[in-house]
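Asks: I would like the atomic coordinates for the input below:
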Amino acid sequence: MKQSLFNLFIICLFGCFLIGNAQEKVTVNGTIRDAFNGETLIGVNVIIKELKTGTSTNEYGFFSISVPKGNYTLQCNYLGFEVFEKTLNLTQNERLEVTLKGEAVNLQEVEVKENKKKAVITRPEMSVNKLSMMQVKQMPVVLGESDILKSITTLPGVTNAGEGSSGFNVRGGAADQNLVLLDEAILYNSSHLFGFFSVFNTDAIKDLKLYKGGIPARFGGRGASVLDIYQKEGNNKGFHMNGGVGLISSRLLAEGPFAKGKGTFLVAGRGTYAHLLLKLSNFKNTVYFYDFNTKISYELNKNNKLYLSGYFGRDVFSINQSFVNTYGNSIFNLRWNHLFNEKLFSNLSMIYSDYYYGLNLDFVGFNWDSGIKNYNLKYDFKHYVSQKTKLTYGVNAIYYDFNPGRIEPSKAGSGINFQQLDKKYAFEPAFYGDIEYKVSDKLSVSAGLRYSLFYRLGQQKVNVYQDDQAVVYNADSQIYEKGTPIGTRYYGNNEVISFFNNWEPRASLSYAFNPNESVKMSYNRMVQYLHLISNTASPTPLDVWAPSDQFMKPQLVDQFAVGYFRNFDNDNYTVEVESYYKTVQNRVDYIDGADLIANNAIEQVILQGKARAYGLEVLFRKNEGKLNGWIAYTLARSEQQTPGRTAAETGINNGEWYRTGWDKLHNLSVTGTYQYNKKWSLGGIFTLQTGRPITYPDGQYTYQSLSIPSYGLRNGNSLPAFHHLDLSATYTPTAKPGAKWKGEWVFSIYNIYNRRNAATISFRQNENSLQNEAVRLSIFGIVPSVSYNFKF
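Replies: All right, here's what the predicted structure looks like:
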């Protein structure tokens with residue numbers, strides 16, 4: 001079966017290659033840049049008007065179209081930029097350098113021919129959302145710091161656990177099922193300050209795209225989504241700086257050219273300073289974060305370019321210096337772009353990614369650290385075969401180094417002994433291919449296949465259990481308990497402990513009724529070999545990652561989606577409606593009372609079950625005029641089931657389906673911006689969600705004069721509905737003629753009507769009445785903020 005799938009895929013590739021080369025053609029290719037700063041632009045629509053065909057620029061601004069010889073009009077359009085048109089007389093291959101002018105460049109002109117955010121009708125791409133940095137910066141957020149992660153939660157199908165929570169959930173998937181990439185490097189923790197800020201400095205970010213379904217075969221390793229983010233390359237027109245000063249954080253970025261314009265650089269830094277104010281008082285606790293972004297690009301010649309990019313971030317949380325928590329990401333990426341010819345583009349990347357978590361517990365005399373590192377080699381190719389056919393194929397290999405935890409004494413005489421939990425190692429190579437083919441003016445298809453392998457490697461002692469069951473079922477008490485090892489087996493360095501391999505097919509199609517209306521369908525199989533060991537609704541820095549092995553099988557995710565897309569009223573409005581159904585095999589679940597921290601035998605508290613998620617998403621956009629924005633609504637359900645392994649076992653939650661910790665039936669988000677005049681612009685977001693699932697006590701009993709609550713089935717209750725309204729106003733003073741310094745003031749109010757949304761509800765015994773009572777914990781009420789942004 002596997003060989004048949006592979007053979008069929010190769011036949012399709014070869015057949016489309018022959019079709020695409022059936023007649024002599026010429027190729028027009030090139031790079032598209034921002035006229036203001038020289039940044040390459042990702043996802044620009046490039047169209048040959050006479051043939052009603054086109055393509056889009058790749059992650060490095062490159063495009064290629066093959067057409068018969070003749071006279072044509074080339075059109076390039078991109079959100080926030082003027083439409084570019086050029087007449088071409090194509091008798092031979094031609095290479096172009098196209099620059100697009102942004103809206104801000106021509107504010108004084110009477111009429112600006114701007115591009116609109118319209119739905120992509122003819123391409124088979126679906127379940128993909130993109131936000132510009134301009135849109136992100138216009139959204140009001142808590143504490144005044146623009147936030148990519150909070151911005152994507154305004155899109156359909158995307159939620160999080162609530163205020164002050166890290167990570168995000170896509171189409172009923174867990175937070176660990178999202179692949180978060182920054183310049184192709186994997187980020188294992190995407191939040192600062194336990195979720196109050198994201199790790200992404202919007203000043204340094206050029207492009208973001210969220211894949212919720214129809215995920216291309218070049219992506220793998222996660223089950224729910226891909227958040228693909230690229231940093232800016234640096235201004236090649238001249239040296240510039242920009243930044244911002246807020247109430248608790250500030251940022252600064254510098255960029256410019258070097259080597260006579262062959263190279264560019266970018267350096268950005270960001271940090272909070274509320275801890276400095278705390279030092280002026282007797283308050284001895286402190287909390288802060290800082291991060292740095294950098295990128296260097298250098299053009300060797302017209303066919304070869306090098307990129308060097310990096311990120312380093314740290315969070316520090318300290319209580320009277322006796323408890324110090326430090327954690328953060330580090331990434332490094334060296335890339336080589338090579339253009340073999342006008343149709344074949346390649347990118348070779350060598351990537352290092354590291355997530356570190358450390359604790360200094362001076363009051364008990366020991367230090368703790370854990371983390372995960374990976375080393376990634378990728379070689380990707382984009383082959384623009386013809387105007388109808390585009391191939392994408394490549395290979396990547398990732399080596400993982402897991403550190404579940406290490407304890408060492410911090411001072412002599414502490415009584416603490418050094419202990420290293422067993423380190424774990426894994427190797428994940430993969431091969432992939434994608435083809436996008438335009439069958440006719442109305443029908444376009446895309447098909448992909450990924451073949452992934454996973455080697456769980458030694459050096460480690462592995463527990464051996466009776467009947468290979470690390471978790472045993474106690475029939476008398478009807479509970480699951482830790483199994484007792486009957487021995488151990490030692491695996492040497494790079495000796496294979498477990499091996500998995502999987503085919504991951506992907507397919508999508510688009511049928512256009514007319515240029516403004518289409519229906520689309522997609523299917524994708526994703527395989528996830530890593531598991532986040534966490535039993536909280538939102539990831540915490542203390543959570544550790546673990547590789548698949550003989551006790552934890554890889555998660556297998558299948559998703560089907562169908563959608564309707566339409567642009568109307570001359571593209572001033574768009575509507576996108578999608579419905580999806582997703583199943584997950586081998587989803588990790590935990591026995592009651594599972595101890596996950598510093599557990600050297602984590603397999604003793606884990607069972608694997610299945611999950612499902614399904615829903616309806618509606619996105620309505622207004623693209624034109626002083627008032628624009630979108631309304632996103634999602635009706636969805638996310639459930640999990642862990643039945644007994646035999647008929648005698650009850651399973652988790654009596655083997656019944658139960659709501660996952662991130663299930664939210666209703667999710668409504670209304671986002672809008674209003675350009676009042678040249679000086680003032682307004683923004684607003686209203687959010688309404690079903691409360692997060694929670695387990696309330698359903699009874700109580702008395703033990704030694706204490707009233708103790710008893711709990712029913714998992715996640716059988718919900719927190720109160722979550723909602724808030726956020727507003728912002730941006731004031732941009734008129735700059736003096738010839739002035740290089742430009743600034744703006746941003747005033748925002750988060751949760752303007754002071755809604756006390758419940759982060760959690762706990763239960764305790766009232767000291768006076770001795771009765772159990774519920775206690776609501778809220779993170780934020782109303783939060784005003786002000787910041788000043790500048791550039792020169």
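Asks: Surely L665 is in contact with R637?
Replies: Yes. L665 is within contact range of R637, at 6.5 Å (criterion: C-beta atoms under 8 Å). All C-beta spots, glycine's among them, are computed from the backbone N, C-alpha and C.
Asks: Name the helix or strand for the nearest residue to Y451 once chain neighbours are set aside, please.
Replies: Sequence neighbours aside, F431 is the residue nearest to Y451 in space, at 5.0 Å (criterion: C-beta to C-beta, 6 or more residues apart in numbering). Using DSSP states H and E, F431 sits within strand 424-438.
Asks: Mind giving me the packing neighbours of that strand?
Replies: In terms of contacts (3 or more C-beta pairs under 8 Å, 6 or more residues apart in numbering; DSSP states H and E), strand 424-438 is packed against helix 2-20, strand 389-409, strand 443-457, strand 544-547.
Asks: buried sites along that strand?
Replies: Neighbour-count burial for strand 424-438, counted by 16 or more other C-beta atoms under 10 Å, picks out 424-430, 432-438.
Asks: How about stretch 244-258?
Replies: Using 16+ other C-beta under 10 Å as the test for burial, stretch 244-258 gives 244, 246-257.
Asks: Does the nearest residue to N236 once chain neighbours are set aside lie in a helix or a strand, and which?
Replies: Nearest non-adjacent residue to N236, counting by C-beta to C-beta, 6+ apart: G38, 3.5 Å away. Using DSSP H and E, G38 sits in no helix or strand.
Asks: ok, G38 - how many residues close by?
Replies: The tally of other residues near G38 (other C-beta atoms under 10 Å) stands at 17.
Asks: any idea how far L509 is from it?
Replies: Note on G38: its distance to L509, by C-beta to C-beta, to the nearest Å, is 37 Å.
Asks: do L179 as well
Replies: From L179 to L509 the distance is 24 Å (C-beta to C-beta).
Asks: and what of A470?
Replies: With distances taken as C-beta to C-beta, A470 is found 44 Å from L509.
Asks: Likewise for Y564?
Replies: Distance from Y564 to L509, by C-beta to C-beta: 14 Å.
Asks: got it, and G365?
Replies: From G365 to L509 the distance is 63 Å (C-beta to C-beta).
Asks: likewise M139?
Replies: Counting by C-beta to C-beta - M139 and L509 are separated by 34 Å.
Asks: Same question for T55.
Replies: Applying C-beta to C-beta, the value for T55 to L509 is 18 Å.
Asks: again, but for L727
Replies: As judged by C-beta to C-beta, L727 and L509 stand 42 Å apart.
Asks: Neighbour count: the two, which is higher?
Replies: L509 (20 against 16).
Asks: Could you measure from the more buried one over to F345?
Replies: L509 sits 25 Å away from F345 when distances are taken as C-beta to C-beta.
Asks: Now do the strands in the stretch 251-400 of the chain.
Replies: With DSSP state E, counting those that start in this stretch, the ranges of strands along the stretch 251-400 of the chain come out as 263-272, 286-301, 304-319, 323-339, 344-361, 366-383, 389-409.
Asks: for the ones you listed, which one ends up most surrounded?
Replies: Burial of those is given as mean neighbour count (mean count of other C-beta atoms under 10 Å); strand 263-272 ranks first at a mean of 21.
Asks: related to what we said a few turns ago, the strands of the stretch 251-400 of the chain: which one's closest to K520?
Replies: For K520, the closest of the strands of the stretch 251-400 of the chain is strand 389-409, at 17.5 Å, according to C-beta to C-beta.
Asks: what element comes up after that closest one heading to the C-terminus?
Replies: Counting by DSSP H and E, what follows strand 389-409 is strand 419-420.
Asks: May I have the secondary structure class of the closest residue to A601 other than its chain neighbours?
Replies: Of all residues not flanking A601 in the chain, N463 sits nearest, at 5.9 Å (C-beta to C-beta, 6+ apart). Recorded secondary structure, N463: strand (DSSP: H, G, I helix; E, B strand; the rest coil).
Asks: and N463, what does it touch?
Replies: Taking C-beta atoms under 8 Å, 6 or more residues apart in numbering, we find N463 in contact with A470, P485, G487, T488, A601, E603.
Asks: Of these, just the buried ones, ChimeraX syntax please.
Replies: To isolate the buried ones among those in ChimeraX, judged by 16+ other C-beta under 10 Å, type:
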select :470,485,601,603
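Asks: Tabulate the contacts of N463 (TSV), appending pLDDT and distance to Y581.
Replies: Below are the contacts of N463 laid out as TSV (pLDDT from 0 to 100; distance: C-beta to C-beta, whole Å):
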residue	pLDDT	distance to Y581
A470	94	32
P485	95	40
G487	94	44
T488	94	43
A601	91	36
E603	94	31
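Asks: ok, which pair from the contacts of N463 is furthest apart?
Replies: G487 and E603 (14.6 Å).
Asks: Under the pLDDT cut-off, which ranges of the stretch 251-400 of the chain? List them.
Replies: 277-283 (pLDDT under 70).
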